[in-house]
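**Student:** the amino acid sequence is not available; the structure is as follows:
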């Protein structure tokens, strides 16, 4: 008889006692090793290997960032971050006469490398316009002057539709009342039952266009949306997650929100992919709701076997981490939706 069969054959009280002993022993170990940071590191080095993937993914992300910095015009995250830093410097009150000396040279070099590719995309236009305003506003220092000369040779002047900081008064009026917004929030429910009706790629693109407007740390937008817009492929991806066994074959489309750790040179930013990815995912779900599509966010815990499986199916690099999965489709009107009682503002607010 196998060990597994033997365990199943044990009486329930014995199995309960074994589980309680195992849980209590595990808790005692946690209590012992949680005493300080050194002991905690020993615990996750010798007793639990649950953070192995994160450790290696962060290191590989940093290595990829360094490789991109040595290539020509490929480090999108570096250019995005620094142009955004320049924008923040330009809107400061009072604005310093000189700023960004420590990174303006590498920023211009990255912009110039990107400009040499021949394609002028939105990011390059934005970088060009912000750099133009920066050099017009900033004072003179040797490093700034050197960067200004380098920028002049790569500059692409275009006075139409300039992408630069603007006053708050230029924002469009808000057409949505609080009650209308609350209606949208109440309509956004986790839907698990869908009609047998395809979701057009055009609608997905519209929703992602809205998601791209979500806030992102230094505008790096360290995420992508991997879309499986076919019932068979959607089910195959959804099966990788826990808790989908009862409904994954019913999903017409599944989107994996994937964070990219190669957007950061330092380990301290390793959690930003989850923050920014989640902000974009929420905006994506609300956009889908406004387009007549329902969604369901599918939890993605850090389970090594599942990480490997999904990474293989989606073709992810090791430094790319799945944030969550989203089911998308046209809701079945007869499908049930959990009530999911929510906490109140009194439960959630702590006034300091």
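**Tutor:** Looks like it came in fine. Note that the structure is a prediction, hence the values are computed from the model and not measured. Numbering: from 1, shown residues only.
**Student:** looking at this protein, which helix is longest?
**Tutor:** Ranked by residue count and defined by DSSP state H, the top helix of the chain is helix 12-33.
**Student:** quick one: contacts of the following helix or strand past it?
**Tutor:** The first helix or strand that comes after helix 12-33 along the chain, using DSSP states H and E, is helix 37-42. With contacts defined as C-beta atoms under 8 Å, 6 or more residues apart in numbering, helix 37-42 is touched by 32-34. To be clear about C-beta, it is placed using only N, CA and C from the backbone, and glycine gets the same treatment.
**Student:** buried ones in stretch 193-202?
**Tutor:** By neighbour count, and taking 16 or more other C-beta atoms under 10 Å as the criterion, the buried residues in stretch 193-202 are 193-194, 199.
**Student:** ditto for stretch 260-270
**Tutor:** Counting neighbours by 16+ other C-beta under 10 Å, the buried set in stretch 260-270 is 260-265, 269-270.
**Student:** which of the residues in the longest helix of the chain are classified as buried?
**Tutor:** residue 33.
**Student:** who touches it?
**Tutor:** In contact with helix 12-33 (C-beta under 8 Å, 6+ apart) are residues 7, 10, 39-40, 42-43, 47.
**Student:** re earlier: tell me which of the contacts of helix 37-42 is nearest to residue 139?
**Tutor:** residue 34 (51.9 Å; C-beta to C-beta).
**Student:** mind listing what that closest one touches?
**Tutor:** Contacts were defined as C-beta under 8 Å, 6+ apart; by that measure residue 34 touches 40, 43.
**Student:** measure it to residue 42 for me?
**Tutor:** 11 Å (C-beta to C-beta, to the nearest Å).
**Student:** show the buried residues in the contacts of helix 12-33.
**Tutor:** Applying the neighbour count, that is 16+ other C-beta under 10 Å, the buried entries in the contacts of helix 12-33 are residue 43.
**Student:** reformat the contacts of helix 12-33 as CSV; add pLDDT and distance to residue 109.
**Tutor:** CSV is the format used below for the contacts of helix 12-33 (pLDDT from 0 to 100; distance: C-beta to C-beta, whole Å):
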residue, pLDDT, distance to residue 109
7, 59, 62
10, 71, 67
39, 94, 45
40, 94, 41
42, 93, 43
43, 93, 44
47, 91, 46
